[in-house]
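A.B. asks: pasted the sequence and its predicted model underneath.
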Amino acid sequence: MIKPLNRTKKAQRTAWKVEDTTRTKGTITPSLYSSKIIKAGALLSDTKALLSAWDPRLSVRENLQHMRHQNLLGKTSRSRAKDILAIFRQRYLVEEDVVRALATIVKHQSNGNTLDKILYFHAVRADALLHDVVIKLLEPQWSRGIMEIDVEEIESALRKWVEEGKTSGHWGGSTLRRVTQGVLSTLRDFGVLQGAVNKRIAPAYLSLPAFAYIAFYLKQHQPSGAKLLDLVDWKLFFLPRDGVERFFLEAHQYGLLEYHVAGSVTRLTFPAETLEEYAYVLTQQSY
């Protein structure tokens, strides 16, 4: 059985203060929506560059200092590099085992789609606005078979959230439009949407190792195998419950985990103790 992670150290605060989401048993608790998505985006190439340079022998602070001093992002603007590092920290450094696992995947040159889906998972969980756009707007639309994105409808929904006081400050019309575009562009770059101008929901695809990684991560927060199948997180990939169960069965067949169901009892175990160890296991498999 997997041992719970030692969480005696408090998660370090990010530079994004109260807009960050908090994690509770594999779910996201409500938080004020931030407009900082305007500065963010998916940042896939920058994130992979930072992860490839991550030194597990150093602390988080030491790694970030090294990245700043060496200008590993190659940015001519110091403020832009600072913004990217703040975003990187918010998305992937709240839990140190996450960045270690991601660095392991990058350094062993895992399948690009697998890594992108995992980065998307962590990035969206770390941003309440991105998370709720997918869960509250896109997933219900997808479930009705509507794939075309109406930008005005998305902007209207965000405007309603502003009026309901769900944002960290008031957004004027210009900010609202920029936030809407930032959200949609970010989701396009993560592969959730497609289309440069006219966007639509992309065909849902989640690789088996990406699913297994996410299942391991969520299992650390939700020990119940039965409840794990019903977590809202799977809707980030438009996965219904039976789709999640099929993934577990397939992962079991490939030896990535053990999944057994007997009546109301669900038994789920993994061949590793930590997320970093499991990430390495996933990079050694062929599918």
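C.D. replies: Sure thing, it's come through. Numbers count the residues shown, from 1 in each chain.
A.B. asks: in the stretch 151-287 of the chain, what residue spans correspond to helices?
C.D. replies: 151-163, 173-189, 208-221, 225-228, 241-253, 275-283 (DSSP state H, counting those that start in this stretch).
A.B. asks: mind putting these into CSV with mean neighbour count?
C.D. replies: Heads up, the C-betas are built off the backbone N, CA and C, glycines and all. Formatted as CSV, the helices of the stretch 151-287 of the chain follow (neighbours: other CB atoms under 10 Å):
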stretch, mean neighbour count
helix 151-163, 15
helix 173-189, 18
helix 208-221, 22
helix 225-228, 16
helix 241-253, 15
helix 275-283, 21
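A.B. asks: would a markdown table of those with distance to Gly145 and mean pLDDT be doable?
C.D. replies: Putting the helices of the stretch 151-287 of the chain into a markdown table (distance: least, CB to CB, whole Å; pLDDT from 0 to 100) gives the following:
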| stretch | distance to Gly145 | mean pLDDT |
| --- | --- | --- |
| helix 151-163 | 16 | 96 |
| helix 173-189 | 19 | 96 |
| helix 208-221 | 23 | 96 |
| helix 225-228 | 27 | 87 |
| helix 241-253 | 16 | 96 |
| helix 275-283 | 33 | 95 |
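A.B. asks: which among the ones you listed is found nearest to Val134?
C.D. replies: Set against Val134 and scored by CB to CB, those come closest in helix 173-189, at 7.1 Å.
A.B. asks: which residues sit against the closest one?
C.D. replies: With contact meaning CB atoms under 8 Å, 6 or more residues apart in numbering, helix 173-189 is reached by 35, 37-38, 40-42, 44, 129-130, 133-134, 138, 149, 151, 154-155, 158-159, 162, 171, 193-196, 199.
A.B. asks: in strands, which of these appear?
C.D. replies: Counted as lying in strands by DSSP state E, out of the contacts of helix 173-189, are 193-194.
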